[in-house]
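1. from the sequence below, what's the structure:
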Amino acid sequence: MDGATTFATATFRTPPRILIPKLVKSRDGWKTKAGQRKKRLKAARIRIRDLVNSRDHWKDQAKVAENRVAELERQLEQTKQELVAERNGNDSLRDELKKK
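-> Down below sits the predicted model:
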């Protein structure tokens, strides 16, 4: 004989015909609840994974855009300096022509 069976029959006063359906209903309830939690957890993990991937993708795009902006700003500054140098050169040539 199993010790748990002996203990169970000695403890419960309710007849098995009433007790067993209640225990089965209880077990089915927590199994259903656990299954729903498992599905929600899986859906949440998938959503988190997708959001992390999306955030990483947009972060990479933002970094590329920032690098592009920085490069264009450098080019603009260089072009401005070249323009100033050309204007200075033109002014000096104009002054030489006026002197002659």
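
2. what's the spacing between the residue nearest the centre of the chain and residue 59?
-> Nearest to the geometric centre of the chain sits residue 52, at 2.0 Å (Cα atoms, centre = their mean). Separation of residue 52 from residue 59 (Cβ to Cβ, to the nearest Å) stands at 10 Å. C-betas here are computed from N, CA, C, even on glycine.

3. what do you get for residue 45?
-> On the measure of Cβ to Cβ, residue 45 and residue 59 end up 21 Å apart.

4. and the residue nearest to the centre of the chain, what's its pLDDT?
-> Listed pLDDT for residue 52 reads 98.

5. so which helix or strand takes in it?
-> Assigned by DSSP states H and E, residue 52 falls within helix 16-99.

6. now that helix: how far from the chain's centre is it?
-> Chain-centre distance of helix 16-99: 9 Å, with Cα atoms, centre = their mean, to the nearest Å.

7. quick check: the residue in the chain sticking out farthest from the centre vs residue 93, distance?
-> Here the chain reaches farthest from its C-alpha mean at residue 100, the gap being 71.7 Å by Cα atoms, centre = their mean. Per Cβ to Cβ, residue 100 is found 11 Å from residue 93.

8. again, but for residue 22
-> Residue 22 is 105 Å from residue 93, by Cβ to Cβ.

9. now residue 33
-> 88 Å.

10. same check, this time on residue 57
-> Counting by Cβ to Cβ - residue 57 and residue 93 are separated by 53 Å.

11. go on, residue 68?
-> 37 Å.

12. same thing with residue 67?
-> 39 Å.

13. now residue 11
-> Distance from residue 11 to residue 93, by Cβ to Cβ: 111 Å.

14. cool, residue 12 as well?
-> Between residue 12 and residue 93 the distance is 111 Å, computed by Cβ to Cβ.

15. now do residue 58
-> Noted for residue 58: a distance of 51 Å to residue 93, by Cβ to Cβ.

16. check residue 77 too.
-> 25 Å.

17. check residue 61 too.
-> Taking Cβ to Cβ, one finds residue 61 at 47 Å from residue 93.
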